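Peer 1: Kindly generate the corresponding structure for this input.
(3 chains)
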Amino acid sequence: MSTSPSAAPAQGQAWDFSDVTRSNDSLRRFLHGLPGVDQVGADSRAASLGTRSIKTTAKAYALDLAIRMVDLTTLEGQDTHGKVRALAAKAMRPDPADPTCPAAAAVCVYPDMVGVAKEVLGDSGVHVAAVATAFPSGRAALDIKLADTRDAVEAGADEIDMVIDRGAFLSGHYLQVFEEIVAVKEACVRPDGHSAHLKVIFETGELQTYDNVRRVSWLAMMAGGHFIKTSTGKVQPAATLPVTMIMLEAVRDFREATGQMVGVKPAGGIRTAKDAIKYLVVVNEVAGPDWLDPDWFRFGASTLLNELLMQRTKMTTGRYSGPDYFTVD
Amino acid sequence: MSRIDVRKTYKLFIGGAFPRSESGYSYQVHDTKGAFVANAALASRKDARDAVVAARKAFGGWSGKTAYNRAQILYRIAELMEDRRPQLVQALRQSEGLTAARAERALDDAIDRLVWYAGWADKLTQVIGNANPVAGPYFNLSTPEPTGVVAVLAPQESSLLGLVSAIAPVIVTGNTVVVISSFERPLPAVTFAEILATSDVPGGVVNILTGSAATIAPWLASHMDVNAIDLVGIAGDTELATSLEVAAADNLKRVRRAPAAEPDWSADPGLDAMTAFVETKTVWHPMGV
Amino acid sequence: MTFDYAPALESRSIVDIKASYGLFVDGEFVDGSGTSFKTINPATEEVLAEVAEATEADVDAAVRAARRAHTRVWSRMPGKERAKYLYRIARIIQERSRELAVLETIDNGKPIKESRDVDIPVVAAHFFYYAGWADKLEYALPGNGHSGTRSLGVAAQVIPWNFPLLMLAWKIAPALACGNTVVLKPAETTPLTALLFAEICQQADLPPGVVNIVTGAGATGQALVGHPDVDKVAFTGSTEVGKAIARAVAGTDKRVTLELGGKAANIVFDDAPLDQAVEGIVDGIFFNQGHVCCAGSRLLVQESIADELLTKLKRRMSTLRVGDPLDKNTDVGAINSAEQLARIRELSDIGEAEGAGRWSPECELPTTGFWFPPTLFTGVTQAHRIARDEVFGPVLSVLTFRTPSEAIEKANNTPYGLSAGVWTDKGSRILHMAGALRAGVVWANTFNKFDPTSPFGGFKESGYGREGGRHGLEAYLKGGE
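Peer 2: Numbering: from 1, shown residues only, chains lettered A, B, ... in the order given. Below you'll find the model as predicted:
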């Protein structure tokens, strides 16, 4: 069986994966037949892209784009309605002092906070994303995970960030992971037929190898995930530049094979504007400019937003700003 | 009537066979007192060409053998030389004019030299190879590899110890050789070839031409499929050595230069004769998960 | 709106280029006794400086200064003291690294990204590495013991224009560590960093005459290599000149090391880590505009993945940024000289005429200076001249193979033997290929990696001797043959 994307139908035609996902064995053969990833080579390519020097107009563009891509996140046991309301307000108006500052892409909360967030955001265009499926460990029975998902969708979540069963993946039960994603995707369908977008979280810090990252990316894309996402933010390391690069290679190759675009979301650990810009460079040069859009690339982050705002202010005022000039929500 | 003895025909040794010279020429070999001993084949440039083809053909197999295997094959040559002591002693007395005792000692040295070199087969890499601690996540290893086909001009005076000391260090690392023997003292080289033929040395690994270095060596020095040349055997002949070194530049052969006088072959040879004909290969590989 | 990287120019105010330069002899800058030549910025054709062209008499003066310094000072100095001078030089290079990088880029045309992140750091590392050998030479060469710690004398060193300061470091650092003194001739198109290095020697208070720099072209090099009082010749450059040097030193006692041309095969098997292989191919041939003797100029790809790999490679080549070498985002800079550009054009035209398929990504080239776009040729066979001749430019020939033995046969089917690359995820195949390839450096699942501890040098017509690592000392010590 050839597993190379070149064996796929021409671009634009749907790829029928039913042969691949017929059994755990066939799925395993496919995933293990993907080209390997040399860790050192991948790290060095990512590091080299990280040395791009983004200045002046390019930097202004990148900062605004990065702000528009932020999934402003709070996923704490101590979350309250007040905290979530504040966060939602911040997402709509990240810099109250500057009306030209764009809004963030979404707020990302636990399912029980979806209603609160939705109430504030309304039809502002800022989405509500909910982590579901027994986030962050994913260690619960399938029906509980599905109920968790339906709850969030019913409460108005536009996007569901699910976690995969890493234990199943690491023990080679690929088909189980695949079927779970398919089931969660079905649970994302609202009564009106519209569906919440599904982001599939891999927790790459637990999968460890880049080979695993490439394999799980293909698995999730074949299962119909709209986005593939690195991490929960609860495990170290969370998002890294090379892991994100490998996922961007996967979505690029998947589109080449199937014609379908899948989004990518690194989450956790991206704290500085400089880091965010490095990610955008990787998006630009690895997946291509089509992915330079909040519909296809997101940052899962909390403190990043203020860093972006401070840099943005520096660009417009010409002087360095300080944290007291930005809201702390 | 006393019995008429059967004399030996001295031939070349190419690709494991004993051809006469392609040219049909031979030359007279005398002992040190000037008495006729035999006719030796006078190798021509075409014999040299054939020898290079044989050596190249043998290179892949010989260099591909395990070092332990090459060590045993060289050791086996020493065993067979021990077996043929009377014949070799006789040849040495004839060609070098040695007393019986000195001939015995020269033979001892030659056999011991082979045994010494045989042991290097699986040790040189450990002594001159390196793991290199590069500043990055890479495994990096340097190891010596044989240069290829080496032309060896054997010493003119030391017809057996010198010959063995010139050939053994070149082949022990996996090279194959084309040797031009001493011109005036070629017969021990032919006897040595006969020992090689009955040993485990594959045909073509050692090719021995009897004849004149001045005539044949230029063809080897300029031959584009010869990788290196050892000029030590023409010690003192500066003019010939220089012209051969110039010719060798055509394909950048590794050249081991001729000293002013023939070395004392009984001295400890050191590593030079081996390291002159190896190439350091460095292999990099990333280290990741 | 697209993500267009705005120009990010490295400032050239950090370098102070004089209007004219003399020679560096016996610790002083002196006027040459002959004419001078101009060195230009190949990206703009702007004249940077007038540089003295050393005559035979100038070379003689430099060799005599080196001889004096060797006899009176350097060969007598304890190794641990020589070491400290080399450590000093390494530190000053680190301190002045940006200045050196900018100057290298201006004089050579290579991207600032490379001079800043590769050339200059490796130069400093080279001096630091060999500094540490200076007082440990008795441990360096097996079998030589203390007799193997003796220097040769005066080294004549001639280096090329592709890595001007790095090649200087490869030559000078081991020579000095071993107690030799040197007369070095930089390439005529790239003399400026060598002259700045001379100033660094002054800052380090290196004794006069230990390092001498004579600028000039072929005739200067010939005078240096042919000088009767040099003990050692070290050359990096073309195979043609290497052969001429080998002839010139025949019959002398001069020791020689030659690091010459190459036509490396970069072999990609169907089980290779493809995305990294693509990076390795790009690094292999477009790094430094392909002005690299060990460049992976022949891509040998297994037929079963040729189409897929070429698609990826072309897409990747389309992201290469060609242009102003001082722009920090430039990936491919200027061709070093009009002469080299003419050669690249000629060979590429021959490739086209011989029927190979020529492809370059769309890229806008500057109107002044010397430029050539990243180029690949498909449908190349071993019979094409672009598969045999060293182009020394950003031109990749793509060939295919079916089996490992065919790959080995094609890879070795060249008079050169400097380097080779292998890409496969199968460990035992890597080791088999590494053993079978007749090349001095084999990069497996990587390419164009250099390190001071790692010996570098060729088989066959790629030259002889090794530079770098413990092996690199052999060329500069007695008994180190």
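Peer 1: Name the residues of the stretch 351-481 of chain C found near chain A, please.
Peer 2: Taking Cβ under 8 Å from any Cβ of the partner chain as the test, the list of the stretch 351-481 of chain C residues beside chain A reads C:425, C:445-446. Yep, even glycine has a C-beta here, placed from its N, CA and C like the rest.
Peer 1: can you pull the contacts of C:Gly465?
Peer 2: For C:Gly465, the contacting residues are C:234, C:256-259, C:457, C:474-475, taking Cβ atoms under 8 Å, 6 or more residues apart in numbering or on different chains as the criterion.
Peer 1: ok, for it, nearest residue in space, not its chain neighbours?
Peer 2: Nearest non-adjacent residue to C:Gly465, counting by Cβ to Cβ, 6 or more residues apart in numbering or on different chains: C:Thr257, 2.9 Å away.
Peer 1: For stretch A:91-102, which outside residues touch it?
Peer 2: The contact list for stretch A:91-102, computed with Cβ under 8 Å, 6+ apart, reads A:64, A:67-68, A:70, A:72, A:103-104, A:106-107, A:120-121, A:124, A:126, A:305, A:308-309, A:312-313, A:316, A:325-327.
Peer 1: Run a quick neighbour tally on the residue lying closest to B:Asn227 once chain neighbours are set aside.
Peer 2: Of all residues not flanking B:Asn227 in the chain, B:Gly148 sits nearest, at 3.4 Å (Cβ to Cβ, 6+ apart). Residues within reach of B:Gly148, counting by other Cβ atoms under 10 Å in any protein chain shown, total 24.
Peer 1: tell me which strands and helices whichever strand or helix holds B:Thr125 is in contact with?
Peer 2: Under the criterion of DSSP states H and E, B:Thr125 resides in helix B:124-128. The elements that helix B:124-128 packs onto, with contact taken as 3 or more Cβ pairs under 8 Å, 6 or more residues apart in numbering or on different chains; DSSP states H and E, are strand B:138-146, helix B:272-275, strand B:278-286.
Peer 1: Looking at the residue nearest to C:Gly465 now. What's its pLDDT?
Peer 2: C:Thr257 carries a pLDDT score of 98 in this model.
Peer 1: The helix or strand harbouring it - which strands sit beside it in the sheet, and in what orientation?
Peer 2: In this structure, C:Thr257 is located in strand C:255-259 according to DSSP H and E. Strands adjacent to strand C:255-259 in the sheet, as given by DSSP bridges, are strand C:232-236 (parallel), strand C:463-464 (antiparallel).
Peer 1: got the contact list for residue 188?
Peer 2: All of this is about chain A. Neighbouring residues of A:Cys188 by Cβ under 8 Å, 6+ apart: A:149, A:153, A:160, A:195-198.
Peer 1: The intended chain is chain C.
Peer 2: Residues touching C:Glu188, when contacts are defined by Cβ under 8 Å, 6+ apart, comprise C:37, C:39, C:51, C:161, C:215-217.
Peer 1: let's see it at 7 Å
Peer 2: With contacts defined as Cβ atoms under 7 Å, 6 or more residues apart in numbering or on different chains, C:Glu188 is in contact with C:37, C:216-217.
Peer 1: Please produce a PyMOL select command covering the buried subset of the residues you listed.
Peer 2: Buried members of those, defined by 16 or more other Cβ atoms under 10 Å in any protein chain shown, are picked up in PyMOL with:
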select buried, chain C and resi 37+216
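Peer 1: which one of the contacts of C:Glu188 is nearest chain B?
Peer 2: C:Ala217 (21.9 Å; Cβ to the nearest Cβ).
Peer 1: residue ranges of the strands in the stretch 151-289 of chain B, please?
Peer 2: Assignment of strands within the stretch 151-289 of chain B using DSSP state E, counting those that start in this stretch yields the ranges B:176-180, B:206-209, B:228-230, B:254-256, B:278-286.
Peer 1: In JSON lines: those strands, plus mean neighbour count and mean pLDDT.
Peer 2: Formatted as JSON lines, the strands of the stretch 151-289 of chain B follow (neighbours: other Cβ atoms under 10 Å in any protein chain shown; pLDDT from 0 to 100):
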{"stretch": "strand B:176-180", "mean neighbour count": "28", "mean pLDDT": "98"}
{"stretch": "strand B:206-209", "mean neighbour count": "30", "mean pLDDT": "98"}
{"stretch": "strand B:228-230", "mean neighbour count": "26", "mean pLDDT": "98"}
{"stretch": "strand B:254-256", "mean neighbour count": "22", "mean pLDDT": "98"}
{"stretch": "strand B:278-286", "mean neighbour count": "24", "mean pLDDT": "98"}
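Peer 1: of those, which approaches chain A most closely?
Peer 2: For those, distance to chain A was read as Cβ to the nearest Cβ. The smallest value, 3.4 Å, belongs to strand B:278-286.
Peer 1: and the closest one, what does it pack onto?
Peer 2: Judged by 3 or more Cβ pairs under 7 Å, 6 or more residues apart in numbering or on different chains; DSSP states H and E, the packing partners of strand B:278-286 are strand B:138-146, strand C:441-444.
Peer 1: quick one: strands adjacent to the first one?
Peer 2: In this case it means strand B:138-146. Taking DSSP bridges, the sheet neighbours of strand B:138-146 turn out to be strand B:130-131 (antiparallel), strand B:278-286 (antiparallel).
Peer 1: what angle do that strand and strand B:176-180 make?
Peer 2: Using axes from the mean of the first three to the mean of the last three Cα atoms, to 10 degrees, the direction of strand B:138-146 lies 30 degrees away from that of strand B:176-180.
Peer 1: and strand B:138-146, how far from the chain's centre?
Peer 2: Going by Cα atoms, centre = their mean, to the nearest Å, the spacing between the C-alpha centre of strand B:138-146 and its chain's C-alpha centre is 26 Å.
Peer 1: which parts of it are buried?
Peer 2: If you call a residue buried by 16+ other Cβ under 10 Å, then strand B:138-146 has these buried ones: B:138, B:140-146.
Peer 1: now the shortest one
Peer 2: Residues of strand C:441-444 classed as buried by neighbour count (16+ other Cβ under 10 Å): C:441-444.
Peer 1: Just checking: what are the partner strands of it?
Peer 2: Its sheet considered, strand C:441-444 pairs with strand B:278-286 (parallel), strand C:419-423 (parallel) by DSSP bridges.
Peer 1: I'd say A:Gly300 and A:Thr73 touch.
Peer 2: Yes. Counting by Cβ atoms under 7 Å, A:Thr73 is a contact partner of A:Gly300 at 5.5 Å.
Peer 1: Those two: who's more crowded?
Peer 2: A count of neighbours by other Cβ under 10 Å puts A:Gly300 above the other of A:Gly300 and A:Thr73, at 31 against 26.
Peer 1: Give the rounded mean pLDDT of the host helix or strand of the more buried one.
Peer 2: A:Gly300 is located in strand A:299-301, with elements delineated by DSSP H and E. Per-residue pLDDT over strand A:299-301 has a mean of 97.
Peer 1: hang on, isn't the residue nearest to C:Gly465 packed against C:Ala234?
Peer 2: Yes. Distance between C:Thr257 and C:Ala234: 5.0 Å, which falls inside the contact criterion (Cβ under 7 Å).
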